[in-house]
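> Build me a model from this:
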Amino acid sequence: MEMSTMQDTLKRKNLMNSFLEEHAYSLFQNSAKDKKFSTLPLRNFKDIFYTGKIRIGRPPQQFRVLLDTSFADLWVTSVYCHDPGCSKHKHFDPRESTTFEITDRHMNHLNKFGRIMGFFGRDIVRIGNVVVKNQTFAVSQRQTSKILPCVPFEGILGLGYPTLATVGITPFFDNLMQQGIISEPVFAFYLNTKKKNNSVLMLGGVDHSYHKGKLNWIPVISMNGKVIGCSNRCQAILDTGNPSVCGPTRLITKIQRLIGARPFKGCRNLISNRINTTIPPVVFTINGVDYPMRPENYMLRASCGLCVSTFVGGTEKMTKSETWILGDVFLRLYVSVFDRGNRRIGLAPA
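Residues are numbered from 1 along each chain as shown. Got it, this is the predicted structure:
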């Protein structure tokens with residue numbers, strides 16, 4: 001007598017896709033003991049930056065880095081940098097690592113924080129309980145920026161696709177996959193407010209206790225909102241390295257008008273001196289699913305006590321197509337899962 005497997009039964013009943021969607025990463029729900037699943041605690045800096053600790057070299061030198069999904073390289077401040085952007089931070093010293101290898105590659109990159117110049121080397125990189133060998137990363141020699149002296153990190157760990165990396169450089173997460181260090185080609189973020197300190201980066205799976213309901217999977221993020229913009233289709237980027245929601249200036253101006261924001265001393269748009277919960281929510285509709293942001297979500301209380309809008313224009317300078325950047329102010333509301341194996345992103349209420 002031939003016995004059918006559960007897989008055969010599901011296929012016959014056309015339930016395989018539903019089963020895979022429902023149980024895709026259930027094995028990792030409580031997988032802290034799994035050696036190929038790792039979590040990294042993140043520090044929330046004033047609801048602006050989320051940083052985590054990494055260790056480089058042997059003996060290890062520890063640094064706090066920004067986790068950035070819109071960037072794919074890894075760089076850290078070094079002893080060879082004497083710019084103001086380096087002076088207040090810890091410095092990586094290649095001479096102190098017995099495993100460091102210099103390469104003939106150089107970095108000259110302009111990013112959202114300024115220009116970073118230096119050279120690439122290879123060394124051991126540790127994050128959480130995982131160890132990546134021969135990771136190529138940039139050692140900064142120049143950091144020209146007015147912002148970098150003030151940021152609470154010594155470098156950036158990019159988690160973007162290889163197409164965003166310097167040509168010929170294998171990004172950190174791709175090395176995790178290639179070296180068999182993680183069980184699944186997946187990483188996820190749970191970002192909390194500054195009032196709580198349990199934000200986390202998950203590598204190799206998803207701990208489902210961090211979100212409510214099921215994940216909604218998005219193969220290519222698009223928005224079809226009809227009131228403000230994207231009447232056809234437009235692209236969106238989930239960017240953990242950006243504290244705001246950014247979009248085309250003409251559409252951001254419409255949003256600011258609708259929520260009652262107005263310019264204030266040349267800075268971000270002022271809303272009021274208190275959070276007004278009667279202001280309407282801003283809803284992003286992605287693949288037919290609504291993702292609302294309420295006033296208490298998209299208004300940031302500044303040090304002076306005023307509340308300012310976290311919507312920022314200017315993405316038309318990046319590309320000709322309509323593009324939106326959904327940064328931390330959006331991602332705090334939803335657990336975000338980056339499934340590199342299936343080239344999709346999952347979102348669920350945090």
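> Name the nearest residue to residue 43, ignoring sequence neighbours.
Spatial nearest neighbour of residue 43, excluding adjacent residues (CB to CB, 6 or more residues apart in numbering): residue 51 at 5.2 Å. Where you see a C-beta, it was placed from the backbone N, CA and C, and this is true even at glycine.
> shaky segments in the chain?
Within the chain, the ranges that satisfy pLDDT under 70 run 1-35, 195, 220-233, 265-275, 303-305.
> At the geometric centre of it, which residue sits there?
Central residue of the chain (CA atoms, centre = their mean): residue 240, 2.7 Å from the mean position.
> my read: that one touches residue 188, true?
No - using CB atoms under 8 Å, residue 240 makes no contact with residue 188, being 10.9 Å away.
> list residues touching both of those two?
Counting by CB atoms under 8 Å, 6 or more residues apart in numbering, the shared contacts of residue 240 and residue 188 are residue 336.
> returning to what we had before: run through the residues that contact the residue nearest to the centre of the chain.
50, 67-70, 159, 189, 191, 327-328, 331, 336.
> For it, give me phi and psi.
Residue 240 has phi and psi values of phi -70, psi -10 when expressed as degrees, to the nearest 10.
> One more: residue 81?
Dihedral angles (degrees, to the nearest 10) for residue 81: phi -100, psi 130.
> swap in residue 52?
Residue 52 adopts backbone torsions of phi -140, psi 160, taken as degrees, to the nearest 10.
> If you tally nearby residues, what's the number for it?
The local packing of residue 52 (other CB atoms under 10 Å) involves 20 other residues.
> Touching, it and residue 38? I think so.
No - counting by CB under 8 Å, residue 52 does not reach residue 38; the two are 11.1 Å apart.
> Report the set of residues contacting both of those two.
residue 127.
> quick one, helices of the chain?
6-12, 16-23, 84-87, 172-178, 249-258, 295-298, 328-331 (DSSP state H).
> Okay, buried residues for the fourth one please.
By neighbour count on 16 or more other CB atoms under 10 Å, the buried set for helix 172-178 is 172-177.
> what's the closest of these to residue 138?
Relative to residue 138, the closest of the buried residues of helix 172-178 is residue 172; by CB to CB it sits at 11.9 Å.
> Without its sequence neighbours, what residue ends up closest to that closest one?
residue 74 (5.4 Å).
> I would like the residues contacting stretch 133-148, please.
By CB under 8 Å, 6+ apart, stretch 133-148 touches 56, 73-78, 80-81, 83-86, 92, 94, 103, 105, 107, 109, 113-125, 155, 166, 169-170, 172, 175, 179.
> okay, now the domains of the protein?
Structural domains annotated on the chain: 41-181, 210-349, as defined by automatic domain parsing.
> TSV please, covering the ones you listed and showing distance to residue 202.
Listed next are the domains of the chain as TSV, based on distance: least, CB to CB, whole Å:
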stretch	distance to residue 202
domain 41-181	9
domain 210-349	8
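> out of these, nearest to residue 199?
Using CB to CB, the domains of the chain put domain 41-181 closest to residue 199, at 4.0 Å.
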